[in-house]
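*Asks:* any chance you can model this:
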Amino acid sequence: MARLHRTIIAALTYWAWVFAAAFALGVVRTLWLAPRIGDLAAVACEVPLTLAISWWAARKVIGRWRITAPADALVLGLQAFMVLMLAELLLARLLAGQSAHEWFLALLTPAGLLGLGGQVLFALMPWAVLRRL
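*Replies:* Just a heads-up that it's a prediction; the model follows:
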């Protein structure tokens, strides 16, 4: 049980750090970059920055909570991904007035698929970082 508790706290910390940075980047992307270069190009600019932040955050979290097992790192990433998807859905609902169906359909656009790919890599990042340490 202590192991699961540790991965949950680590996952929430990992998610919070990356989400805060990605939210700020998303504001810049949505309000400034996308109107100038288009949605897909703007997401293509944002994803590498978010993944670099994810790498940093995963290293910090793995070290802080002493995550040593690859399975624990995968669980951590999956938990953070689930929180991320819920947060994304809630923000789409609150800020853009989208229904869950509209939010899901937006994931199927080229920009949405690129962003989703980045989010999947975010989920795998703790495992990837652990494998490199």
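
*Asks:* every contact and neighbour count from this point should use C-alpha atoms.
*Replies:* Fine.

*Asks:* how far away is residue 91 from residue 19?
*Replies:* Residue 91 sits 12 Å away from residue 19, going by Cα to Cα, to the nearest Å.

*Asks:* neighbour count: the two, which is higher?
*Replies:* The neighbour comparison of residue 91 against residue 19 (other Cα atoms under 10 Å) goes to residue 19, with 21 against 14.

*Asks:* which residues does the more buried one contact?
*Replies:* Residues near residue 19 by Cα atoms under 8 Å, 6 or more residues apart in numbering: residue 84.

*Asks:* look up how far residue 84 lies from it.
*Replies:* Separation of residue 19 from residue 84 (Cα to Cα): 7 Å.

*Asks:* ok, now residue 99?
*Replies:* Taking Cα to Cα as the measure, residue 99 falls 17 Å from residue 84.

*Asks:* for residue 41, same thing?
*Replies:* 22 Å.

*Asks:* the more surrounded of those two?
*Replies:* Ranked by neighbour count (other Cα under 10 Å), residue 41 and residue 84 place residue 84 first, with 20 against 15.

*Asks:* the nearest residue to the more buried one once chain neighbours are set aside: neighbour count?
*Replies:* Excluding the flanking residues, the one nearest residue 84 by Cα to Cα, 6 or more residues apart in numbering is residue 15, at 6.8 Å. Neighbourhood size, residue 15 [other Cα under 10 Å]: 24.

*Asks:* ok, now which ones touch residue 15?
*Replies:* 80, 81, 83, 84.

*Asks:* now the helices: where do they sit in this protein?
*Replies:* With DSSP state H as the criterion, the chain has helices at 2-28, 34-37, 39-64, 70-96, 100-107, 110-132.
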